[in-house]
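Peer 1: below is the sequence, then the predicted model.
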Amino acid sequence: MHPLQIHLEAWSRSADAVLDLTSDLSAELWATPTDCPGWDVGDVVAHLLHLETELADGTAPEPGTGDGRVVAGDHTEAGVAALRGRSPLDLREAFAAVVDVRRAQLDPLTLSPRGRPPGTPAGVDWDWETLLRNRAVDLWVHEQDLRRALGRPGGLDDPGAQVTVQMFAGSLGYVVGRRVQPPAGTVVAVDVHGPVAFSSRLRVDPGGRARPVDDAVPADAIVATDTESFAILGAGRRPLADLEVALSGDVELATRVAEALAVTP
């Protein structure tokens, strides 16, 4: 398999899921709040439209009338605010159109994983592999935002879930060693069950780095949860108390690890 294929498949499946989830929504449902602070369902679609349009042709999408709401003065929020005022149908059709454009552009056989993609967001210096992985994660995480807001669960065994959980799992060394900073010799375990499962044991070395060790090594603190809760924590969407997470061993340390798992902006 081409090294970019899994990211492209994950991105494509989640884009289709977003279109399916928004195909029959009333105006009231488009205004349903999501776990993204200040964003409703329509804002999530606007965010995805904004970024995919920039990547497609290097320009921001045509703004709507807007309502002046900007939660944070960054590029992402500005793009969402600019699209407020466009109708739900217009947003969805525009997103469907840009997804078609991106699919035509993103033939993995023509892309080098380490090549520099055109039209990446300002200040971003990613190769194709990093860009497409991050787009797959962003699409799937926002697909899940929509599913929770609309009460339509699913997609937890899709390629997007696999890419996202793998990315979040890959950050555990940084979370434990750099954010939580337990004493040298401490072993922390994170065990995730469900459609996308993994088990990770990390021991902090004298230099403060958390490095993988064998699963048989006893853990001082254990965080055990399911695929969905792990992804929600990694995306920083909900507090620990609202999720199905079991903490054992040194519970105070396990709590600090679980609360530090958010790695997305």
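Peer 2: Happy to help now that I have it.

Peer 1: need the helices for the stretch 51-200 of the chain, in chain order.
Peer 2: Secondary structure of the stretch 51-200 of the chain, counting by DSSP state H, counting those that start in this stretch: helices at 75-83, 88-105, 128-150, 159-170, 172-174.

Peer 1: so which of those helices is nearest G194?
Peer 2: Taking Cβ to Cβ, helix 159-170 is the member of the helices of the stretch 51-200 of the chain nearest to G194, at 9.2 Å. Placement of C-beta: from N, CA and C, glycine included.

Peer 1: ok, residues contacting the closest one?
Peer 2: 6-7, 9-11, 13-14, 133, 136-137, 139-141, 143, 155, 190, 192, 195-196, 198, 200, 227, 230-231, 234, 261, 263 (Cβ atoms under 8 Å, 6 or more residues apart in numbering).

Peer 1: got phi/psi on the residue nearest to L233 when sequence neighbours are not counted?
Peer 2: Excluding its sequence neighbours, the residue lying closest to L233 (Cβ to Cβ, 6 or more residues apart in numbering) is L261, at 4.2 Å. Here is the backbone geometry of L261 (degrees, to the nearest 10): phi -70, psi -20.

Peer 1: what is the neighbour count of L261?
Peer 2: When counting by other Cβ atoms under 10 Å, one arrives at 26 neighbours for L261.

Peer 1: I6 too?
Peer 2: 19.

Peer 1: now the element after the helix or strand harbouring it, going C-ward?
Peer 2: I6 is part of helix 5-21 when elements are defined by DSSP states H and E. Using DSSP H and E, the next helix or strand after helix 5-21 towards the C-terminus is helix 27-30.

Peer 1: so which elements touch that following helix?
Peer 2: Helices and strands touching helix 27-30, as assessed by 3 or more Cβ pairs under 8 Å, 6 or more residues apart in numbering; DSSP states H and E, comprise helix 41-57.

Peer 1: identify the residues contacting stretch 140-152?
Peer 2: The contact list for stretch 140-152, computed with Cβ under 8 Å, 6+ apart, reads 10, 14, 17-18, 21-22, 25, 29, 32-36, 40-41, 44, 47-48, 153-155, 158, 160-161, 163-164, 228, 231-232, 235, 237, 264.

Peer 1: just want the angle from the helix or strand harbouring L233 to helix 128-150.
Peer 2: Here L233, judged by DSSP H and E, is contained in helix 227-234. Interaxial angle, helix 227-234 versus helix 128-150 (axes from the mean of the first three to the mean of the last three Cα atoms, to 10 degrees): 110 degrees.

Peer 1: for the lowest-mean-pLDDT helix or strand in the chain, buried residues please.
Peer 2: Here the helix or strand of the chain ranked lowest by mean pLDDT, DSSP states H and E is helix 75-83, holding a mean of 83. Across helix 75-83, burial judged by 16 or more other Cβ atoms under 10 Å covers 75, 77, 79-83.

Peer 1: surely P117 is in contact with E129?
Peer 2: No. If you go by Cβ atoms under 8 Å, P117 and E129 don't touch, sitting 9.8 Å apart.

Peer 1: that's all I had, so thanks and see you.
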